[in-house]
Each structure stands twice: as C-alpha cells, then as structure tokens.
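> Provided below are the primary sequence and the corresponding predicted coordinates.
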Amino acid sequence: VNDFLIALYELAMRLGFHVVSEESRIQPIIAKEDVYYPTIDRHVKKGRLIGNEVVSTVKTEEGTDLVCYFVSKMSEEGDTDVNKWEIKGKPSINVITDRMQGEITTGSNMINRIPDVINAPAGVISAGEMVPPSFKHGDLSQYVK
C-alpha cells in the first residue's frame with residue numbers, strides 16, 4: 001500500500017469519480033557525483049542512492065487521471081521544496097508553492113486535524129469518512145463537540 005494511492009483514491013471518491021485502474025512506480029535517485037551532505041555529516045560517493053521518486057496514477061471511468069509525483073531525496077545546493085498542483089484542461093491551471101516548509105506544512109495539518117479525530121466516530125475509519133479538512137483559526141478546543 002502506498003500513501004499516495006490512498007490519497008488519490010480518497011480524492012477520486014470526494015470528486016465522485018469511479019477508479020478503474022491504478023499504477024505506482026518507485027525509482028531510485030542516484031548521486032551523479034561525490035557529494036558531502038552536512039545534514040548527515042557524510043560524504044556520499046557517485047553512484048550511491050540519495051533518494052527516490054514515486055509516481056502514482058489513478059485512472060477513472062470518467063476519463064480523469066489523478067497523478068501524484070513525489071520526490072524524497074537528500075537536499076543539494078539549489079534544491080527547494082516545491083508543492084505543485086497542475087490541472088490539465090481548458091484552461092489549464094497551475095498552482096506552485098515554492099520554498100515550502102514541508103515540516104511546518106505537515107505538522108500544522110496534523111495538529112489542525114486533532115478536533116476532527118476527536119469528533120470522529122469510534123473505531124477505524126478512512127480519511128474519506130472524516131469531515132473535509134478546514135482551517136481552524138481559533139483555540140482548537142472550540143472545535144471539539
């Protein structure tokens with residue numbers, strides 16, 4: 001199971017699409033030259049693994065493909081975290097968040113969902129069964145039922 005496929009299935013369900021197939025592939029990212037990574041205080045030799053990229057695709061009966069492309073690798077000089085949404089159509093739409101602080105974005109989403117988890121029915125449920133995420137601007141206790 002891959003988290004990206006789960007997210008794409010949930011997105012398809014929320015959009016009312018019917019999934020007909022899925023595909024996911026993982027590809028290693030190899031160092032093109034010897035490089036020193038200060039974050040791990042280690043030299044990595046050319047040809048060694050420095051990360052991977054995952055491409056997950058869900059095709060729908062309605063003709064819409066949902067695709068997630070995720071790169072996870074050791075940061076190199078000039079790298080930046082980018083979050084890009086691209087909707088191909090007429091017109092096409094691109095939304096890009098450059099220099100995104102992934103740890104802040106991930107952490108704030110998790111904290112923001114605490115009242116939703118508390119308010120959810122007991123037992124194991126899918127993300128699709130939870131209320132859609134929303135921005136909570138006040139004390140989180142005010143959102144607990």
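Right, received. Where do you want to start?

> average pLDDT across stretch 71-90?
Averaging pLDDT along stretch 71-90 yields 79.

> gap between the two ends of that stretch?
28 Å (C-alpha to C-alpha, to the nearest Å).

> go on, stretch 69-89?
19 Å.

> buried ones in that stretch?
Met74 (16 or more other C-beta atoms under 10 Å). All C-beta atoms are positioned from the backbone trio N, CA, C, and that covers glycine.

> pretty sure Ser56 sits against Tyr9.
No: with contact defined as C-beta atoms under 8 Å, Ser56 does not count as touching Tyr9 (9.9 Å).

> the two: who's more crowded?
Ser56 (22 against 19; other C-beta atoms under 10 Å).

> pLDDT on the strand or helix carrying Gly107, on average?
Gly107 is part of helix 102-112 when elements are defined by DSSP states H and E. In this model, helix 102-112 carries a mean pLDDT of 73.

> low-confidence ranges in this structure?
1, 100-106 (pLDDT under 70).

> flag every buried residue along the helix or strand Phe4 falls within.
Element membership of Phe4 [criterion: DSSP H and E] is helix 3-15. Using 16+ other C-beta under 10 Å as the burial criterion, the residues of helix 3-15 that qualify are Phe4, Leu5, Leu8, Tyr9, Ala12.

> distance between it and the chain's centre?
From the chain centre to the centre of helix 3-15 is a distance of 11 Å (C-alpha atoms, centre = their mean, to the nearest Å).

> ditto for stretch 17-33
Its chain's C-alpha centre and that of stretch 17-33 lie 13 Å apart, by C-alpha atoms, centre = their mean.

> which other residues reach it?
For stretch 17-33, contacts defined as C-beta atoms under 8 Å, 6 or more residues apart in numbering pick out 2, 4-5, 8-9, 12, 44-62, 64, 66, 71, 73.
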